[in-house]
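**Q** For reference, the sequence and a predicted model appear below.
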Amino acid sequence: MAAKKLRVGLVGIGNCASSFVQGLSHYRDSRANAPVPGLMNAVLGGYRVSDIEISAAFDINASKVGKDVSEAIYAEPNNTHVFARVAPTGVKVSRGITLDGIGKYLASEIKESDAPVADVTRILDETRTDVLVSYLPVGSQRASEWYMDRALEARCGVVNCLPVFIASNPKWRARFEERGLPIIGDDVKSQVGATIVHRVLTNLFRERGVRIDHTYQLNFGGNTDFENMLERERLTSKKISKTRAVTSQMDVPLPEGDVHVGPSDFVPWLTDRKIAYIRLEGTAFGGVPLNAEVKLEVWDSPNSAGIVIDAVRCAKLAMDRGLSGALIGPSSYFMKSPPQQFTDDEARELTRRFIAGIEDEAAA
């Protein structure tokens, strides 16, 4: 019996796409009966990593458009860790649309391709793309919605990795339901990133009876995402997404002035590394103070790639089963701003049941 294939289109060939594509090569021979460092699931719903193929790719950068994906993922300004050399894919990066995809801090660094904007719907259709992954920069509201329209036209499932609210927006969810297509979103929650660590600590305080009085999460890094977010107007949805991800774990959300969660600065020499400082100040037994501080350092883009490898397989499983709309379990486990928040233990169990087919999901 021939192996099932999962054909994935990528929007934005930046660091995150680079780690994702490198991961497909690095984990291609992973076996289900052996521990696999970095992957939560070697096989998910019958799909191995080797079943995932890149079918289409879109970017606006002249250093990437027209190149094979295997070459474009290493082009500047990408600066993530290189852990695999990728063989030619036969897929060239097509010229995408710009709209609000470039902020003012990157406009002087990125030379836009002079190629005409590709017919994205036609390419997705002709390449038989199953799932479109959106890796657009933070703040790309109009560009994100434009690509969502193209995915709906081409009948692709979607994994929305950026904090533009699509899966968590009832109107967009309804459009995916009407087309019979699944979506997982919004804003990818990295494997062991600042958000998941902050959530776990928040739940620990809550479950052990410690009242949280104040908390912050300060992040900085050296990739284009952090440089882009120096433009505070583009940061709005990201800050909302990260804050909600943490405060959703509290029985009583903190007043706005007592919680701060969000990217803080850009340090170029860190390249794709991210450093996060997390602090929780609480009141414990007898009214005495109890405080916790954590410093987390990660390579930002590889930290999300394994999550997306699982997310695209869940989206394809939904398509195989005829499910549509926002996938509640996978969205809550893989994303910061899903349609419905759960604790991470609950979200993991919902996702496990979804994968096993124990219970099919309806849209939110």
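**A** Structure's in. What do you need? Being a predicted model, the structure only gives us computed values, none of them experimental.

**Q** hey, let's count contacts and neighbours off CA atoms from now on
**A** OK.

**Q** sec struct for L290, please.
**A** Secondary structure, DSSP: H, G, I helix; E, B strand; the rest coil: L290 is strand.

**Q** ok, the closest residue to it other than its chain neighbours - how many residues close by?
**A** Closest residue to L290 apart from its sequence neighbours, by CA to CA, 6 or more residues apart in numbering: G282 at 5.1 Å. By the criterion of other CA atoms under 10 Å, G282 has 20 neighbours.

**Q** mind starting the numbering at 38 from now?
**A** Noted, 38 is the first residue going forward, which turns the last one into G319.

**Q** shouldn't G319 be in contact with L291?
**A** No - look at G319 against L291 with CA atoms under 8 Å: they stay out of range, at 11.7 Å.

**Q** For the residue nearest to L327, what are phi and psi?
**A** phi -140, psi 170 (degrees, to the nearest 10).

**Q** Overlap of the contact sets of G319 and L291?
**A** Overlap of the contact sets of G319 and L291 (by CA atoms under 8 Å, 6 or more residues apart in numbering) consists of 249-251.

**Q** neighbour-wise, which of those residues leads?
**A** Busiest of the shared contacts of G319 and L291 [other CA under 10 Å] is I249, holding 23 neighbours.

**Q** Which strand residues bridge that residue?
**A** G319 (DSSP bridges).

**Q** List the residues that contact it.
**A** So I249 contacts 239, 242-243, 291, 317-320 (CA under 8 Å, 6+ apart).

**Q** rerun that using 10 Å as the cut-off
**A** Neighbouring residues of I249 by CA atoms under 10 Å, 6 or more residues apart in numbering: 239, 242-243, 287, 289-291, 295-296, 317-321, 326-328.

**Q** now A342
**A** A342 sits in contact with 52-61, 75-76, 225, 227-228, 348, where contact means CA under 10 Å, 6+ apart.

**Q** Quick check: closest non-adjacent residue to N240.
**A** Setting aside the residues directly before and after it, N240 is nearest to Q286 in space (CA to CA, 6+ apart), at 6.2 Å.

**Q** Hmm, I typed the wrong one, I wanted D88.
**A** Closest residue to D88 apart from its sequence neighbours, by CA to CA, 6+ apart: K42 at 4.8 Å.

**Q** Show the contacting residues for the one you found.
**A** Contacts of K42 (CA under 10 Å, 6+ apart): 84-90, 167, 353.

**Q** From Y84, how far off is it?
**A** Counting by CA to CA, to the nearest Å, the gap from K42 to Y84 is 8 Å.

**Q** So what's the residue count around G323?
**A** The number of residues near G323, taken as other CA under 10 Å, comes to 6.

**Q** could you pull out the strands for the stretch 188-337 of the chain?
**A** Using DSSP state E, counting those that start in this stretch, the strands of the stretch 188-337 of the chain run over 194-197, 219-221, 248-258, 296-303, 310-320, 326-336.

**Q** Out of the ones you listed, which is closest to I395?
**A** Nearest to I395, of all the strands of the stretch 188-337 of the chain, is strand 219-221, at 18.1 Å by CA to CA.

**Q** Mind giving me the packing neighbours of that closest one?
**A** For strand 219-221, the packing partners by 3 or more CA pairs under 10 Å, 6 or more residues apart in numbering; DSSP states H and E come out as strand 168-171, strand 194-197, helix 207-215, helix 339-358, strand 362-363, helix 365-371.

**Q** Can I get the ones you listed in TSV including distance to W183?
**A** Output for those, formatted as TSV (distance: least, CA to CA, whole Å):
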stretch	distance to W183
strand 168-171	11
strand 194-197	13
helix 207-215	12
helix 339-358	20
strand 362-363	18
helix 365-371	21
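
**Q** among those, which is the most enclosed?
**A** Compared across these, strand 362-363 shows the largest average neighbour count, a mean of 30 (mean count of other CA atoms under 10 Å).

**Q** Can you list the strands that that strand pairs with?
**A** Short version: by DSSP bridges, strand 362-363 pairs with strand 219-221 (parallel).

**Q** which residues does V45 bridge with?
**A** I91, V168.
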